[in-house]
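Peer 1: just the structure for this:
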Amino acid sequence: MLCNSCLRQPACLTNKLASRDRNLKSMLQRLEHCELRIVRSVTKESKLTQLLRRLRNYQTQAFHLLFATKQPK
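Peer 2: Numbering: from 1, shown residues only. Got it, this is the predicted structure:
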C-alpha cells in the first residue's frame, strides 16, 4: 500500500519494495524447501513400494518352490 511518504519520497517506496522482495524470496525459498521434502518423501515411498513388490515376488516364488518340492513324484 502506498502511503503519503511513498508518494513524496522515492526512498520510502524503494524500501517497501525491497522489503516485499525479501519477503517474496524468503517465501519462495520455503516453498522450494517444502517441494524438495515432498520429492524426497515420494522417492522414498516409491523405493519402499518397489521393495515391497520385490518382497512379494520372492514370497510368491518361495511359495511355489515349497509346493513344487512337496509334490509326490
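Peer 1: all the helices of this protein, in order from the start?
Peer 2: 4-8, 10-70 (DSSP state H).
Peer 1: dump these to JSON lines, plus mean neighbour count and mean pLDDT.
Peer 2: The C-beta positions use only the backbone N, C-alpha and C, and glycine is treated the same way. Output for the helices of the chain, formatted as JSON lines (neighbours: other C-beta atoms under 10 Å; pLDDT from 0 to 100):
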{"stretch": "helix 4-8", "mean neighbour count": "11", "mean pLDDT": "71"}
{"stretch": "helix 10-70", "mean neighbour count": "10", "mean pLDDT": "88"}
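Peer 1: from residue 32, how far off is residue 63?
Peer 2: Separation of residue 63 from residue 32 (C-beta to C-beta, to the nearest Å) stands at 46 Å.
Peer 1: residues in contact with stretch 31-38?
Peer 2: The contact list for stretch 31-38 (C-beta atoms under 8 Å, 6 or more residues apart in numbering) is empty.
Peer 1: could we number from 552 for the rest of this?
Peer 2: With the count now opening at 552, the last piece we talked about shows up as stretch 582-589.
Peer 1: can you show me the CA trace of it as PDB?
Peer 2: In PDB, the C-alpha atoms belonging to stretch 582-589 read as follows (Å, rounded to 0.1, in the frame of the first residue of the first chain):
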ATOM      1  CA  LEU A 582       8.300 -23.400  -0.900                       C
ATOM      2  CA  GLU A 583      11.300 -24.800  -2.600                       C
ATOM      3  CA  HIS A 584      12.400 -26.500   0.600                       C
ATOM      4  CA  CYS A 585       8.900 -28.000   1.100                       C
ATOM      5  CA  GLU A 586       9.000 -29.200  -2.600                       C
ATOM      6  CA  LEU A 587      12.300 -30.900  -2.000                       C
ATOM      7  CA  ARG A 588      10.900 -32.600   1.100                       C
ATOM      8  CA  ILE A 589       7.900 -33.800  -0.800                       C
END
